[in-house]
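1. got a predicted structure here, sequence first:
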Amino acid sequence: MAIIRPFRALRPQPERAQEVASVPYDVVNTDEARALAEGNPFSFQHVSRPEIDLPPDTDIHSDVVYRKAVENFEKLIATAPLEKENEPSLYLYRLIMGDHEQIGVVACASIDEYDDGTIRKHERTRRDKEDDRTRHMLMLKAQTGPVFLTYRARPEIDEQVSAAINAEPLFDLTAPDGVRHTIWRLSETESLVKSFESVPLLYIADGHHRAASAARARVEMRQRGSSGTFLAVAFPDNRVRILPYNRIVKDLGELSAADFLQAVRARFEVEKGPAMPAARGEIAMYFQGGWHTLRALGPPDRAAAIAALDVSVLQDRLLAPVLKITDVRTDARIEFVGGARGTDELERLVDSGRAAAAFSLFPVAVDDLMAVSDAGAIMPPKSTWFEPKLRDGLLIHVI
């Protein structure tokens, strides 16, 4: 069963929420974080990316950075101010982006269930990123950004959520990117906690490094009296939206343009097509000023749960054998472009000469993510881009 627990959130005052709320630490680099926080002393970027307040050549994993995070956090608590709820609560978090709406339950999830597989994973984490967030969490004594979970929707949970959002919200703000963020505090929690006990599995959609870091920090957390949980928002699967995670390649290696196209045609059916694939099984390639639709020839190369993913087809049929890009995590010749940036960005990168070719993918379905997780497999790197993104700093779990 899925265990969720109410918690006493540390949070800004409603009138300050707009200034505090920040994009997740891992979707921006230092320069982007610095630009977002410029002129705003209450931005949570000062806590999640504290290097923005240090000299530009500072090693972002040095001791001074983590000490600066603590200093900035304490300053924000005092000046925003941030206040801790008197009683443990659950919260509802609604995201509206254009015509898309999703509502999740904010709670603390169980690290034990993360370990035993009740909370399932689909991504391999990197040790250096775990080290960073584990140290950040322990230095602050707080979990400052939630893990994005999903679960197979259940009517009894939907009904409770629908009834609760008729109340006055705690926060209601529209971020600079146009996404509306609304949060409700629930004083009555027992029935929703009970309903989640009938949910057999939770799935990490986004935030694997946050969850892994919480698991690593649990020994010290328990010594401090914490219950061994991590901050999470759980959304029903039928409301989660996944955008593609597209690719650009900077060069064709030793191949000429003609040789590259010949190799592609040996592995794919190729025809002129749109910038966005119309269906699963199609890959859109932008090359030499035009879009082409690629459909793989022959059966897939890997086991079913992974092989059917278009990102796997692209890797197995083209990137690895043709362009010799075998490890997309480390090869500097490939970069990833989140689907929210659109296909115009892919065209711009190629037309400007920054890339030789670009690939637009059909988005992975939530069912695919769950199937891979259930099989105990790992999704290919950079397979999913979840949008809209949750904001850091609105609800903090003090450990």
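-> Alright, I've got the coordinates.
2. care to break this protein down by domain?
-> Domain assignment for the chain by automatic domain parsing gives 4-241+387-398, 245-362.
3. can you redo those domains as TSV with distance to Pro381, mean pLDDT and mean neighbour count?
-> Quick note: C-beta positions are derived from backbone N, CA and C, even for glycine. Compiled in TSV, the domains of the chain are given as follows (distance: least, CB to CB, whole Å; pLDDT from 0 to 100; neighbours: other CB atoms under 10 Å):
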stretch	distance to Pro381	mean pLDDT	mean neighbour count
domain 4-241+387-398	8	94	18
domain 245-362	5	92	17
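4. out of those domains, which comes closest to Ala377?
-> Ranking the domains of the chain by distance to Ala377, with CB to CB as the measure, places domain 245-362 first at 5.2 Å.
5. now the end-to-end length of that closest one.
-> Using CA to CA, to the nearest Å, the span of domain 245-362 from its first residue to its last is 9 Å.
6. going forward, begin numbering at 438 instead of 1
-> New numbering, starting at 438: the last item is domain 682-799.
7. run the chain-centre distance for it.
-> Taking CA atoms, centre = their mean, to the nearest Å, one finds domain 682-799 lying 23 Å from the centre of the chain it belongs to.
8. and for stretch 543-559?
-> Between the centre of stretch 543-559 and the centre of its chain there are 16 Å (CA atoms, centre = their mean).
9. please save the CA atoms from it in CSV.
-> This file holds the C-alpha atoms of stretch 543-559, laid out as CSV (Å, rounded to 0.1, in the frame of the first residue of the first chain):
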residue,chain,number,x,y,z
VAL,A,543,1.4,17.1,-1.4
ALA,A,544,2.6,14.8,1.5
CYS,A,545,5.5,13.0,2.9
ALA,A,546,6.2,9.6,1.2
SER,A,547,7.9,6.6,2.8
ILE,A,548,11.6,6.0,2.2
ASP,A,549,11.1,2.4,3.3
GLU,A,550,8.6,2.1,0.4
TYR,A,551,11.1,3.6,-1.9
ASP,A,552,13.5,0.9,-0.8
ASP,A,553,11.1,-2.0,-1.1
GLY,A,554,9.7,-1.1,-4.5
THR,A,555,6.3,0.1,-3.5
ILE,A,556,7.6,3.4,-4.9
ARG,A,557,9.0,2.5,-8.3
LYS,A,558,11.8,4.0,-10.3
HIS,A,559,12.7,4.2,-14.0
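10. OK, contacts around Ala590?
-> Taking CB atoms under 8 Å, 6 or more residues apart in numbering, we find Ala590 in contact with 673-676.
11. if you could redo that for His618, that was the one I meant.
-> His618 sits in contact with 458, 530-532, 608-612, 828, 831, where contact means CB under 8 Å, 6+ apart.
12. kindly recompute the last result at 7 Å.
-> The neighbourhood of His618, defined by CB atoms under 7 Å, 6 or more residues apart in numbering, consists of 458, 532, 608, 610, 612, 828.
13. on that earlier part again, now the domains of the chain as TSV including distance to Ala812?
-> Listed next are these as TSV, based on distance: least, CB to CB, whole Å:
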stretch	distance to Ala812
domain 441-678+824-835	9
domain 682-799	4
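14. which among the ones you listed is found nearest to Ser810?
-> Checking the domains of the chain against Ser810 by CB to CB gives domain 441-678+824-835 as the closest, at 3.9 Å.
15. and the closest one, end to end?
-> When the termini of domain 441-678+824-835 are compared using CA to CA, they are 16 Å apart.
16. returning to that earlier point: how about a markdown table for the contacts of His618, with secondary structure and distance to Thr666 added?
-> Supplementary listing: the contacts of His618 in a markdown table, determined by DSSP: H, G, I helix; E, B strand; the rest coil; distance: CB to CB, whole Å:
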| residue | secondary structure | distance to Thr666 |
| --- | --- | --- |
| Ala458 | coil | 23 |
| Leu532 | strand | 23 |
| Phe608 | strand | 22 |
| Leu610 | strand | 26 |
| Ala612 | coil | 27 |
| Arg828 | coil | 21 |
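17. for Arg570, see how far away Leu831 is.
-> Applying CB to CB, to the nearest Å, the value for Leu831 to Arg570 is 18 Å.
18. ok, now Phe672?
-> Distance, Phe672 to Arg570, using CB to CB: 22 Å.
19. Leu532 bridge partners, please.
-> Each beta-bridge partner of Leu532 is listed here: Gln539, His618, as defined by DSSP bridges.
20. list the contacts for it?
-> With contact taken as CB under 7 Å, 6+ apart, Leu532 is in contact with 539, 616, 618, 825.
21. Leu638 too?
-> With contacts defined as CB under 7 Å, 6+ apart, the neighbours of Leu638 are 555, 557, 588.
22. can you give me the strands in the stretch 588-737 of the chain?
-> Secondary structure of the stretch 588-737 of the chain (DSSP state E, counting those that start in this stretch): strands located at 608-611, 617-623, 639-643, 666-673, 679-680, 682-686, 705-709, 720-724, 727-733.
23. strand partners (parallel or antiparallel) of the last one?
-> It refers to strand 727-733. strand 705-709 (antiparallel), strand 720-724 (antiparallel).
24. ok, now the fifth one?
-> Strand pairing for strand 679-680, determined by DSSP bridges: strand 822-823 (antiparallel).
25. so the residue nearest to Leu623 when sequence neighbours are not counted, which of the three states?
-> In space, not counting the residues next to it along the chain, Leu623 is nearest to Leu527; the distance is 4.6 Å by CB to CB, 6 or more residues apart in numbering. For Leu527, the reduced secondary structure class is strand; criterion used: DSSP: H, G, I helix; E, B strand; the rest coil.
26. doesn't Leu629 make contact with Leu527?
-> Yes: in this structure, Leu527 is within contact of Leu629 by CB atoms under 7 Å, at 5.9 Å.
27. hang on, the earlier thing: closest one to Gly644 among the strands paired with strand 727-733?
-> When the strands paired with strand 727-733 are ranked by proximity to Gly644, the top entry is strand 720-724, at 27.6 Å, counting by CB to CB.
28. give me the contacts around that closest one.
-> Residues lying outside strand 720-724 but in contact with it, judged by CB under 7 Å, 6+ apart, are 710-714, 728-731, 747, 750-751, 783-784, 787, 794-798.
29. what's the angle from it to strand 682-686?
-> Taking axes from the mean of the first three to the mean of the last three CA atoms, to 10 degrees, one finds strand 720-724 and strand 682-686 inclined to each other by 30 degrees.
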